[in-house]
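S.K.: coordinates for the following, if possible.
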Amino acid sequence: MTKKDAIRTALLAGEVLTPLVALNKYRCLSLSQRVGDFIKEGIQVKSEKVEGQPYHRYWVKTEPEQLPLGLAA
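M.R.: Numbers count the residues shown, from 1 in each chain. From the prediction side, this is the model:
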């Protein structure tokens with residue numbers, strides 16, 4: 001599995017990544033580049049600037065599971 005594949009898998013699994021996390025966990029120096037690649041692939045990556053820091057955090061919003069009618073969560 002490539003670094004890019006590992007990051008894609010992590011985002012799709014619901015992990016929130018910052019450049020520092022990507023560097024430490026996946027040895028990726030260019031998370032924003034990979035995120036750009038994922039967006040081009042059609043993955044809807046969300047981001048927000050981390051308050052007081054010069055970087056962003058990234059995640060993929062997952063839809064809540066649909067429960068059959070009549071069942072409560």
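S.K.: distance of Met1 from Asp37?
M.R.: Distance of Met1 to Asp37, computed by Cβ to Cβ, to the nearest Å: 15 Å. Yep, even glycine has a C-beta here, placed from its N, CA and C like the rest.
S.K.: er, Leu20 actually
M.R.: 20 Å.
S.K.: try Thr2
M.R.: From Thr2 to Asp37 the distance is 11 Å (Cβ to Cβ).
S.K.: what do you get for Gly14?
M.R.: In terms of Cβ to Cβ, Gly14 sits 19 Å off from Asp37.
S.K.: more neighbours: Met1 and Asp37, which one.
M.R.: Asp37 (15 against 7; other Cβ atoms under 10 Å).
S.K.: tell me which element that one falls in.
M.R.: helix 31-40 (DSSP states H and E).
S.K.: send the alpha carbons of that helix over as CSV?
M.R.: Provided in CSV are the C-alpha atoms of helix 31-40 (Å, rounded to 0.1, in the frame of the first residue of the first chain):
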residue,chain,number,x,y,z
LEU,A,31,-0.8,16.3,2.8
SER,A,32,-2.4,19.3,1.0
GLN,A,33,-1.1,17.8,-2.3
ARG,A,34,-2.6,14.4,-1.6
VAL,A,35,-5.9,16.1,-0.6
GLY,A,36,-5.9,17.9,-3.9
ASP,A,37,-5.4,14.5,-5.6
PHE,A,38,-8.4,13.0,-3.7
ILE,A,39,-10.6,15.9,-4.6
LYS,A,40,-9.7,15.4,-8.3
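S.K.: buried sites along it?
M.R.: Leu31, Arg34, Val35, Phe38 (16 or more other Cβ atoms under 10 Å).
S.K.: pull the CA atoms of stretch 57-64 into CSV?
M.R.: Output of stretch 57-64 as CSV, limited to C-alpha atoms (Å, rounded to 0.1, in the frame of the first residue of the first chain):
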residue,chain,number,x,y,z
ARG,A,57,-7.2,19.8,9.2
TYR,A,58,-8.8,17.5,6.7
TRP,A,59,-11.6,14.9,6.9
VAL,A,60,-14.2,13.2,4.7
LYS,A,61,-17.7,13.7,5.9
THR,A,62,-19.4,10.3,6.1
GLU,A,63,-23.1,9.9,5.9
PRO,A,64,-24.8,8.4,8.9
